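K.L.:
one predicted model, sequence on top.
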Amino acid sequence: MQLQQLINFLKVADIGSINKAAEELFLSQPYLSRSITNLEHELGLSLLIRNNKGITLTEDGKKLYEYASVIMKQLAIIERMSASTLAPSIAIASYPILLNVYALAEFYKKHKHFKIELIESRIEQVIENVHSGIADIGIIHFNNHQKKEIRSLLHHKNIEMHEIIKDTWYANVSEHNPLYHREEVTMEELKEYPIVCLSGDYFHDLSMHIKIDKFPLNELNILHFNSHGAVIDFIQSTDAFRFGPGCSYHDLKEKGIKTIPIKNMDLTISCAWINRKNEVLSTEIQELIEILKKYYERKHPFSPNCG
């Protein structure tokens, strides 16, 4: 078994598609398929379930994903130790959101000599990446039903949290959804369409047990994808929707996805950056934080508190 096989496996698992994973890895689809098949033969395990909707992990695949992720994290730490003697670097762990990419692009234009790394993952993993030193800072998004558990975990991990904005959930739909031209929608209307979510962690599962306007979210037709890009692509092509913060309004608009207020939405979404307690942040990291705050605080049509 070679390290590249694990890298290939993790990419396929994250994206949920061999074709799209091959594109991101700059490999041919047949080559990537053989790589995964060879890995299964070497381990004597079935790792993937292949069907028309894409790729899902078997129970053995889920175990390997967990172990391989740990290996990659440790390698990342070693690489950063080595790279630190060659060039300054910044690593951010974050829940997937386009604003981070734009902020990093602005930072890069001023600091082209920096090695920049954006590590996208679920909330639990973002916190763990900051705690373990893989990331310098993290960006997390959570709702009022998750807040108590989030604070408890951060305290346990000796991590500080600095809130940037408060927001709420909106419905994100494309022109393929009949609700696209509406100025406001209800949960009664949205329940007729599938909702697309990132495959969850513990905190995602907490959200699925809440009610919005008396409607239980776990009664929706929920489709899970392993990557943020896949979620956006699916919404662009179908009548599916997702819940998203208002601060994504401008970036989704560029992709033809509309942000629509939901009637009687009483959920509060907080965005915050996190760092290890008592650790002095470099001038460059502080500068990046200010750039991130600027993007998150941009004004949008529905709230004076978020942009």
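P.N.:
Right, received. Where do you want to start?

K.L.:
the closest residue to residue 120 other than its chain neighbours and residue 54: what is the separation?
P.N.:
Distances taken as CB to CB, 6 or more residues apart in numbering place residue 96 nearest to residue 120, at 4.4 Å, with adjacent residues excluded. Using the backbone N, CA and C atoms, a C-beta is placed for each residue, glycine as well. Residue 96 is 18 Å from residue 54, where distance means CB to CB, to the nearest Å.

K.L.:
need the helices for this structure, in chain order.
P.N.:
Per DSSP state H, the chain carries helices over the ranges 3-15, 18-25, 29-43, 59-83, 98-110, 123-132, 147-156, 187-190, 202-207, 228-237, 249-253, 283-296.

K.L.:
pull the residues that contact the first one.
P.N.:
Taking CB atoms under 8 Å, 6 or more residues apart in numbering as the criterion, the residues outside helix 3-15 that touch it are 18, 21, 24-25, 27, 32, 35-36, 38-39, 42, 47-48, 55, 57, 61, 64-65, 68-69, 71-72, 75, 226-227, 229-230.

K.L.:
which of those are buried?
P.N.:
Buried subset of these (neighbour count, 16 or more other CB atoms under 10 Å): 18, 21, 25, 27, 32, 35-36, 39, 47-48, 55, 57, 61, 64-65, 68-69, 226-227, 230.

K.L.:
in contact with residue 273, which residues?
P.N.:
Taking CB under 8 Å, 6+ apart, we find residue 273 in contact with 137-140, 161-162, 164, 289, 292.

K.L.:
per-residue pLDDT of it, please?
P.N.:
With respect to pLDDT, residue 273 scores 94.

K.L.:
for stretch 88-105, how far is the first residue from the last?
P.N.:
16 Å (CA to CA, to the nearest Å).

K.L.:
mind listing what's buried in that stretch?
P.N.:
90-100, 102-104.

K.L.:
picking that back up, out of the helices of the chain, deepest packed?
P.N.:
Among these, helix 123-132 has the highest mean neighbour count (mean count of other CB atoms under 10 Å), at a mean of 21.

K.L.:
helices and strands around it, which ones?
P.N.:
Counting contacts by 3 or more CB pairs under 8 Å, 6 or more residues apart in numbering; DSSP states H and E, helix 123-132 is packed against helix 59-83, strand 89-94, strand 137-143, helix 147-156, strand 159-167, helix 202-207, strand 269-276.

K.L.:
report the central residue of this protein.
P.N.:
Geometric centre of the chain, nearest residue: residue 96, 2.7 Å, by CA atoms, centre = their mean.

K.L.:
I'd like to know how far that residue sits from residue 265.
P.N.:
Distance of residue 96 to residue 265, given as CB to CB: 22 Å.

K.L.:
and if you look at residue 275?
P.N.:
Between residue 275 and residue 265 the computed distance is 31 Å (CB to CB).

K.L.:
could you do residue 137 as well?
P.N.:
Distance, residue 137 to residue 265, using CB to CB: 29 Å.

K.L.:
neighbour-wise, which of the two wins?
P.N.:
Between residue 137 and residue 265, residue 137 has the larger neighbour count (other CB atoms under 10 Å), namely 25 against 18.

K.L.:
distance of the more buried one from residue 255?
P.N.:
Taken as CB to CB, the span from residue 137 to residue 255 is 27 Å.

K.L.:
one more: residue 212?
P.N.:
Separation of residue 212 from residue 255 (CB to CB): 24 Å.

K.L.:
so for these two, which residue has more residues nearby?
P.N.:
residue 212 (19 against 14).
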